[in-house]
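S.K.: how does the following fold in three dimensions:
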Amino acid sequence: MNKTLLLCAITLLFTLSNISKSHATNSLIESTLQFFQPMPDKMKGSEADNKQQQTLGEKLYFETALSINQTQSCNSCHNIINNAAGVDNLKVSLGALGKLGTRNSTSTWNAGMHVAQFWDGRAKTLEAQVAFPLFDIKEMAMPSENEVLTRLINKCYLAEFKQAFTEQEQPISIKNISQALAAFQRTLITRDRLDEYLKGDETAITQAEKIGLNTFIEKGCVACHNGPLLGSRLFMKMGIVHPYPNTIDKGVGDITKNPGDNYFFKVPSLRNVLNTAPYFHDGAATTIEQAIEDTGWHQLGIRLTGEETSQIKDFFNTLNNKATIVER
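M.R.: Numbering: from 1, shown residues only. Prediction:
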């Protein structure tokens, strides 16, 4: 765990009061650009992907043959159809064999721009992420790599893999499955009204939403929720000011076995946040209001008023995704 990132975030938090004073002389949009940036047109790494890999990856994303009993696909827990938010909206996901997972599903929208994958960052890339759900008994529960490859061969995927990976004699492999799925996921970029505002259209968001944006900045939420994704750039201790009730899940600490990493989790992105309930790594916050209030208390040490919570929620309306995936 990079403690430098934590120190930087804490430093930012304690300097926000000074930065917010600039609102008197600068427009809100100028102040906002100190913390947020518009979403990019293309995701980093996508330049190495070809169209055939993206098309194959999209098909694999919806392929139920990748689960032990052919009942689930990636889309089962990370639904992207018809403007769905890339999650299943459950506290924790239900696997192919009916086993409950241990954490709330994260969205596949914008996932390739995260600092790492999973709440605990165990996979550094989209490609590295793929094998975990495939072979996890609580998720897709596939028994072996060979079974995965046999399933795809039997479903006549060979020609499509050859088109996507033209120079390989045996193109169906876990590595290429991972690469194709990652190539598709790098096309999943949200588009929203905050982007339009950040690009200079001051009419893109309402006055109430601007008030909420100002509240979000002045209360210090931007200490962690910043950058293009409004989060997902660093890991932070859950309960940095006031302890978080869930002390069973140690987050990064469970991976590194370093007590200093206990209760560190990836800061979630806030893009499309109103559509990704429930919230937090354990799905403990069932409403956005609860998530806002609990974050204020546990992470910032403040009790947000009902009005402040409502204002921040108004701002979150500007983050609703306009991009869509047509139903298959």
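
S.K.: which parts of the stretch 151-300 of the chain are helices?
M.R.: Remark: helices of the stretch 151-300 of the chain, listed N- to C-terminal, are 158-164, 174-185, 193-198, 207-218, 252-256, 288-295; assignment by DSSP state H, counting those that start in this stretch.

S.K.: which residues in this protein form strands?
M.R.: Under the criterion DSSP state E, strands of the chain are mapped to 235-237, 264-266.

S.K.: deepest-packed of those, please.
M.R.: Counting by mean count of other CB atoms under 10 Å, strand 264-266 has the highest mean neighbour count of those, with a mean of 24. No exception for glycine: its C-beta is placed from N, CA and C like everyone else's.

S.K.: middle-most residue in the protein, spatially?
M.R.: By CA atoms, centre = their mean, the mean C-alpha position of the chain lies nearest to residue 107, the distance being 4.6 Å.

S.K.: let me see the contact set for that one.
M.R.: Each residue near residue 107 by CB atoms under 8 Å, 6 or more residues apart in numbering is listed here: 78, 85-87, 269, 272, 276.

S.K.: pLDDT wise, what is it at?
M.R.: We note a pLDDT of 98 for residue 107 in this prediction.

S.K.: only the buried residues of stretch 243-256, if you could.
M.R.: By neighbour count, and taking 16 or more other CB atoms under 10 Å as the criterion, the buried residues in stretch 243-256 are 244, 249-253, 256.

S.K.: cool, stretch 106-122 as well?
M.R.: Of the residues in stretch 106-122, those with enough neighbours to count as buried (16+ other CB under 10 Å) are 106-121.

S.K.: quick check: the two most widely separated of the residues you listed?
M.R.: When CB to CB is used, the two most widely separated members of the buried residues of stretch 106-122 are 109 and 120, lying 19.9 Å apart.

S.K.: does residue 289 touch residue 313 like I think?
M.R.: Yes: contact status for residue 289 versus residue 313: in contact at 6.6 Å, counting by CB atoms under 8 Å.
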